[in-house]
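**Q** Show me how the following folds:
(4 chains)
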There are 2 protein chains.
Amino acid sequence: MAEPAPSAIGFLPLYRQVKDRLVQRLLSRDWPPGHLLPSETELAGELGVSQGTVRKALDEMASERLLVRRQGRGTFVAEHDEERILFQFFKLVADDGARVFPESRVISVTPAAADADDRLNLALPEKARIVRIRRIRSLGGRPVIVETITVPHSVFPGLEHGEIPNNIYGLYNARFGVTVARAQEKLKAVALGAEDAGFLGASAGDPALIIDRLAIALDGRPVERRLSLCLTDGFHYLSDLT
Amino acid sequence: MAEPAPSAIGFLPLYRQVKDRLVQRLLSRDWPPGHLLPSETELAGELGVSQGTVRKALDEMASERLLVRRQGRGTFVAEHDEERILFQFFKLVADDGARVFPESRVISVTPAAADADDRLNLALPEKARIVRIRRIRSLGGRPVIVETITVPHSVFPGLEHGEIPNNIYGLYNARFGVTVARAQEKLKAVALGAEDAGFLGASAGDPALIIDRLAIALDGRPVERRLSLCLTDGFHYLSDLT
DNA sequence: TAGTGGTCTAGACCACTTC
DNA sequence: AAGTGGTCTAGACCACTAT
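**A** I've put the predicted structure just below:
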């Protein structure tokens, strides 16, 4: 690690090599969520680099929300608690600005064969199996979201057996060792169909926001596709352009 | 600047003080967009701090897109060119992923008194004047957005006289010295009204995405409110959750 | 070749938390 | 008082750009 370690594809700084090694330890669950990492000085000693180089790697991982740094206490592996979900992944906010974590009522959990659309989005091979979860989510007691989650059976084997908790990313993490690191959402306005309108206590043809999310795991794999059909009277999708 | 400079409200690191001074020079137009800043070493000498401290201030400003750093060339003041607008502020993307800068056809430019809603959003006093711009924007030749822009007359005096270019943030910058630094967007799904449907070649009642943007200038003032009514067949709003 | 930003090091001290 | 991350410094060398 003391060597410059030139790479065929340009130049890879030492702090990036350090970061890659630390990410590996997250992937291997060597350091599970909530775990306290060794101090910068200890890591520097272990890896044979200076404390400043370790620092740069840790700072970059913290900026990607993989770690949480707390002065005086230490550096911790980030957790998928409700607060993180609420701010990083749940963008629907009441018009008065209040952020509320939605409650969920599961409608169905169905194993099935992946169709062409699923295979394309989740990068799955022919004949792959998926699990589809359908649930209604409520904000302040009012049903406002019809959610359809599609995940590869290979990534979450046996997901269809057992409870589906409200915070499903916490389950992915705890039961399957899969950490959702980031996501991409595509939004459109659509007219509600009869069935969805029924779930939401609205009328067929009413406008609704459809959020098409693809969630990416720590290792870069797409691990979940989620379609959310949302009523937006009283709520809005909040997007910060920074 | 060599003093720790303790503050009544906690502790303000030296690099933040340096950053504040550099931001002031941007605000004062001492360094206009596109300008090449002095090198890190020169700035460090001028300000009486180490090069590493200047570096940290510049890095933070670059991460906020106020500056652009280019190895071997220098550090430049960011510009509001089309490319930046396209990636930072224009989130509507063709379904095949192509990013296209929209063309604009101005419908009206109207000075008026600010209503209660305008005053609330733009933090304006009673009896303030505003200018309202209405235009139709097209993607690939097809009209898909009805845009209503509301700006304080006090911030952009005389805006109503003269051409409204397609890239209006470039105009704010060049003609009025106002740099839009960030924005917040609130999205809802709505049913199209008859007039808007006419502009877009759609039918009244069709679902549309409404984007309610508040743009914030470099100094933190809200300087523009923009309502965009968008058709989303063939296009979507792209949001990255990182 | 000269100048810029980017990386890396070593060491000092500060602010915050815990014991 | 001890340990952590956060700041600041000084200096060396590397990668990239322009001339």
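**Q** Where does pLDDT dip in chain A?
**A** A:1-9 (pLDDT under 70).
**Q** which bits of it sit near DNA strand C?
**A** Taking C-beta under 7 Å from any atom of the strand as the criterion, chain A approaches DNA strand C at residues A:2, A:13-16, A:49-53, A:56, A:70-73. C-beta: built from backbone N, CA, C; applies to glycine.
**Q** Most neighbours out of those residues, which is it?
**A** For these, neighbours were counted using other C-beta atoms under 10 Å in any protein chain shown, and A:Thr53 has the most, 22 neighbours in all.
**Q** In a helix, it, correct?
**A** Yes - according to DSSP: H, G, I helix; E, B strand; the rest coil, A:Thr53 belongs to a helix.
**Q** ok, it to A:Gly74 distance?
**A** A:Thr53 sits 18 Å away from A:Gly74, going by C-beta to C-beta, to the nearest Å.
**Q** How many neighbouring residues does A:Arg25 have?
**A** Neighbours around A:Arg25, by other C-beta under 10 Å: 13.
**Q** so what secondary structure elements neighbour whichever strand or helix holds it?
**A** Assigned by DSSP states H and E, A:Arg25 belongs to helix A:14-27. Applying 3 or more C-beta pairs under 8 Å, 6 or more residues apart in numbering or on different chains; DSSP states H and E, one finds that helix A:14-27 contacts helix A:40-47, helix A:51-63.
**Q** try 7 Å this time
**A** helix A:51-63 (3 or more C-beta pairs under 7 Å, 6 or more residues apart in numbering or on different chains; DSSP states H and E).
**Q** Show me how far the helix it packs on is from its chain's centre.
**A** Averaging C-alpha positions (C-alpha atoms, centre = their mean, to the nearest Å) puts helix A:51-63 22 Å from its chain's average.
**Q** does any part of it sit near chain B?
**A** No - using C-beta under 7 Å from any C-beta of the partner chain, helix A:51-63 stays clear of chain B, coming no nearer than 8.7 Å.
**Q** After that helix, which helix or strand is next?
**A** That would be, after helix A:51-63 and using DSSP H and E, strand A:67-70.
**Q** And the helices in chain A, which stretches?
**A** With helices called from DSSP state H, chain A shows them at A:14-27, A:40-47, A:51-63, A:82-84, A:116-122, A:168-176, A:194-200.
**Q** Quick one, which of these gets closest to B:Gly97.
**A** helix A:116-122 (13.0 Å; C-beta to C-beta).
**Q** Can you list the neighbours in contact with that closest one?
**A** Contact with helix A:116-122 is made by A:Leu124, A:Ala128, A:Ile130, A:Thr150, A:Pro152, A:Leu214, A:Pro222, A:Arg225, as judged by C-beta atoms under 7 Å, 6 or more residues apart in numbering or on different chains.
**Q** Which members of those residues occur in strands, if any?
**A** A:Ile130, A:Thr150, A:Pro152, A:Leu214, A:Pro222, A:Arg225 (DSSP state E).
**Q** check contacts around the residue nearest the centre of chain A.
**A** For chain A, the residue nearest the mean C-alpha position is A:Val180 (3.3 Å; C-alpha atoms, centre = their mean). With contact set as C-beta under 7 Å, 6+ apart, A:Val180 has these partners: A:Tyr169, A:Tyr172, A:Ala215, A:Ala217, A:Val223.
**Q** Quick check, the second one in contact with A:Ala181.
**A** No - under the criterion of C-beta atoms under 7 Å, A:Tyr172 makes no contact with A:Ala181, lying 11.3 Å away.
**Q** about what we covered before: out of the contacts of A:Val180, which comes closest to A:Glu42?
**A** Distance to A:Glu42 across the contacts of A:Val180 (C-beta to C-beta) is lowest for A:Ala217, with 28.1 Å.
**Q** Relative to DNA strand D, how far out is that closest one?
**A** 25 Å (C-beta to the nearest atom of the strand, to the nearest Å).
**Q** who's in contact with the closest residue to that residue other than its chain neighbours?
**A** Closest residue to A:Ala217 apart from its sequence neighbours, by C-beta to C-beta, 6 or more residues apart in numbering or on different chains: A:Val223 at 4.7 Å. A:Val223 makes contacts with A:Val151, A:Val155, A:Val178, A:Val180, A:Ala215, A:Ala217, as judged by C-beta under 7 Å, 6+ apart.
**Q** Please give the centre-to-centre distance between stretch A:124-144 and its chain.
**A** 14 Å.
**Q** And it, end to end?
**A** 31 Å (C-alpha to C-alpha, to the nearest Å).
**Q** ok, and what's touching that stretch?
**A** With C-beta under 7 Å, 6+ apart as the test, stretch A:124-144 has contacts from A:100, A:102-114, A:118-119, A:145-154, A:156, A:159-160, A:164, A:199-201, A:230-231, A:235.
**Q** circling back to that earlier point, between which two of the ones in strands among the contacts of helix A:116-122 is the distance greatest?
**A** Farthest pair in the ones in strands among the contacts of helix A:116-122, by C-beta to C-beta: A:Ile130 and A:Leu214, 13.8 Å.
**Q** Which one's more surrounded, those two?
**A** Set A:Ile130 next to A:Leu214 and count neighbours by other C-beta under 10 Å: A:Ile130 wins out with 23 against 16.
**Q** Distance check, that one against chain B.
**A** As defined by C-beta to the nearest C-beta, to the nearest Å, A:Ile130 lies at a distance of 22 Å from chain B.
**Q** interface residues of chain A facing chain B?
**A** Checking chain A against chain B by C-beta under 7 Å from any C-beta, the hits are A:88-89, A:182-191, A:207-209, A:232, A:236-242.
**Q** Out of these, list just those in strands.
**A** Residues of the residues of chain A next to chain B located in strands (DSSP E): A:182-191, A:207-209, A:236-241.
**Q** Sort out which of those residues are buried, if you could.
**A** A:182-183, A:185-191, A:207-209, A:236-239, A:241 (16 or more other C-beta atoms under 10 Å in any protein chain shown).
**Q** Looks like A:Leu200 contacts A:Ala194 (just checking).
**A** No - taking contacts as C-beta under 7 Å, A:Leu200 lies outside contact range of A:Ala194: 11.2 Å.
**Q** Between the two, which is the more surrounded one?
**A** A:Leu200 (21 against 9).
**Q** got the contact list for that one?
**A** A:Pro143, A:Val144, A:Val146, A:Leu231.
**Q** which residue packs closest to the third one, ignoring adjacent ones?
**A** I take that to be A:Val146. With sequence-adjacent residues excluded and distances taken as C-beta to C-beta, 6+ apart, A:Val146 is closest to A:Leu229, at 4.4 Å.
**Q** DNA strand D contacts on chain A?
**A** Near DNA strand D, when you scan chain A using C-beta under 7 Å from any atom of the strand, you find A:4, A:6, A:10-11, A:37, A:39-42, A:52, A:55, A:59, A:69-75.
**Q** Recalculate using a threshold of 10 Å.
**A** A:4-7, A:10-13, A:36-44, A:50-52, A:54-55, A:58-59, A:62, A:67-76 (C-beta under 10 Å from any atom of the strand).
**Q** one step back: nearest to DNA strand C among the contacts of A:Val223?
**A** A:Ala217 (25.5 Å; C-beta to the nearest atom of the strand).
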